[in-house]
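**Q** Sequence first, then the predicted structure:
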Amino acid sequence: MKKTKCWIEAMRLRTLPVSLAGVCAAWGLALAHGSYRVLPGVLCLVFAVLAQIASNFANEYYDYTSGRDKRGRSGPRRGVTEGDITPQAMLRATLITLGCACCVGLSLVAWSGWWLLAVGLFIAVGVFAYSTGPYPLSTHGWGEVAVIFFFGLVPVPMTFYLMTGAMTPESLMMGAALGLMGANVLIINNYRDCEEDRGVGKLTLAVCWGAASMPWLYGFNMTAAAMLTLAASGDGCWAWVPTLIYVFPCIKIIREMGRRRGAQLTPLLGATALSMFAYSIALIIRSL
C-alpha cells in the first residue's frame, strides 16, 4: 500500500489537470468549429496524460541523480530521494510510460500523416530535455518557456487539427493562452522551492529574477492569457465566462502568494492547475 502511494505521489496528480486542460480547450474550439472527430480527441487526452506522467517520473529521477533533490524538501515528497522507490525502478517506469505514450501517438498518424512523427519526437525529446542532457531546461531558467510550448502551443493546435483537419489562428492563440496558464503552475512550484533550488545551483526564473518577482510574473501571464482567450473566442458575452472562471481564482492566488511560504504554497499549485482545467471545461460547455 505504501509503495502504491509513493508511485501516485510521483505522478504528481496536482499537475495533471495542466495536460488535460490543453486538450480540453482544443475540444471546446473543435465543438465550436462544428465539424470534428471524437476518437483522435480522446487519444490526444490519453497521450497528454501519459506524456506528463513520463515527464514527472523523468524529472524525479534526474533531479535525484544530479543531486538537485535533497531529503526533507518543502515540496511534495519525492519517493526516489526519500528511498521509497529505487532509481532503477523510476527510470524503468519513465521509459515504459513514455513508450505507451508513443504507441498512442503513433495511432494518431491515421488522422494526419507521417509528419506527425516529427511532433511526437519533439515531445519525447522534451520529456528528457526538461530535466537532463547537456543543457537541462529546468535548471537554466527555461522551464516556463518549455511549459508554454509543451502544454499550450503544441497540444492545443495539434489536437484541434487532428479533430477538425484545420489549423486556425484561434487555435494558436488559445494554445498560447493555455501555455501561459500552465507556466503559472511552474511559477508557483519554483517560487515555493526558490531557496532550496538556489542552494543546489538550480537556476529557475525564481532564482534568477528573485522570488519577489514571481507574483508579478504570475499576474502578467494571467492577464496575457485572458486577453488571448478573449481574442480567440470571438464576440459575445459567453466569451467572458471561461475567462472569468480562470481569472477570479487566480487573483486570490496572487494575494496568497504574498502571504505564504514553503510548503504552504503547495495548495496554490493545485488551485492554479484546477482553475486552468475549469476554464477548459467551461470552453467545452460554452460550445455545446
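**A** Yes, it's here. Numbering: from 1, shown residues only.
**Q** as a whole number, average confidence for stretch 197-216?
**A** Per-residue confidence for stretch 197-216 averages out to 94 on the pLDDT scale.
**Q** switch to numbering from 14
**A** Sure, I'll start numbering at 14, so the last one becomes stretch 210-229.
**Q** Name the residues of it that are buried.
**A** Asp210, Lys215, Leu216, Thr217, Leu218, Ala219, Val220, Ala224, Met227, Pro228 (16 or more other Cβ atoms under 10 Å). In short, each C-beta sits where N, CA and C put it, glycine included.
**Q** Phi and psi next, for the fourth one.
**A** Comment: the main-chain dihedrals of Thr217 come out as phi -80, psi 170, following degrees, to the nearest 10.
**Q** what separates it from Ala284, distance-wise?
**A** 20 Å (Cβ to Cβ, to the nearest Å).
**Q** How about Ala61?
**A** Distance, Ala61 to Ala284, using Cβ to Cβ: 21 Å.
**Q** neighbour-wise, which of these two wins?
**A** A direct count of neighbours by other Cβ atoms under 10 Å for Ala61 and Ala284 places Ala61 higher, at 26 against 18.
**Q** thought the more buried one was touching Ala38?
**A** No: the pair Ala61 and Ala38 does not pass the contact test of Cβ atoms under 8 Å, sitting 11.3 Å apart.
**Q** Give me the contacts around the helix or strand where Val158 lies.
**A** The secondary structure element spanning Val158 is helix 156-161 (assigned by DSSP states H and E). If you take Cβ atoms under 8 Å, 6 or more residues apart in numbering as the criterion, helix 156-161 is touched by 31, 139, 142-143, 150-151, 189, 192-193, 195-196, 198-200, 203, 217-218.
**Q** Take the residues you listed and keep only those in helices.
**A** The helices, defined by DSSP state H, take in 31, 139, 142, 189, 192-193, 195-196, 198-200, 203, 218 from the contacts of helix 156-161.
**Q** With distance to Leu241 as extra columns, can I get the residues you listed in TSV?
**A** Below are those laid out as TSV (distance: Cβ to Cβ, whole Å):
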residue	distance to Leu241
Val31	17
Gly139	22
Ala142	26
Ala189	5
Gly192	9
Leu193	7
Gly195	13
Ala196	13
Val198	17
Leu199	18
Ile200	17
Asn203	23
Leu218	20
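**Q** Out of the residues you listed, which is nearest to Leu44?
**A** Ala189 (20.1 Å; Cβ to Cβ).
**Q** What is the neighbour count of that closest one?
**A** When counting by other Cβ under 10 Å, one arrives at 22 neighbours for Ala189.
**Q** Pull the contacting residues for it.
**A** When the contact criterion is Cβ under 8 Å, 6+ apart, the partners of Ala189 are Ile161, Gly165, Leu166, Ala238, Leu241.
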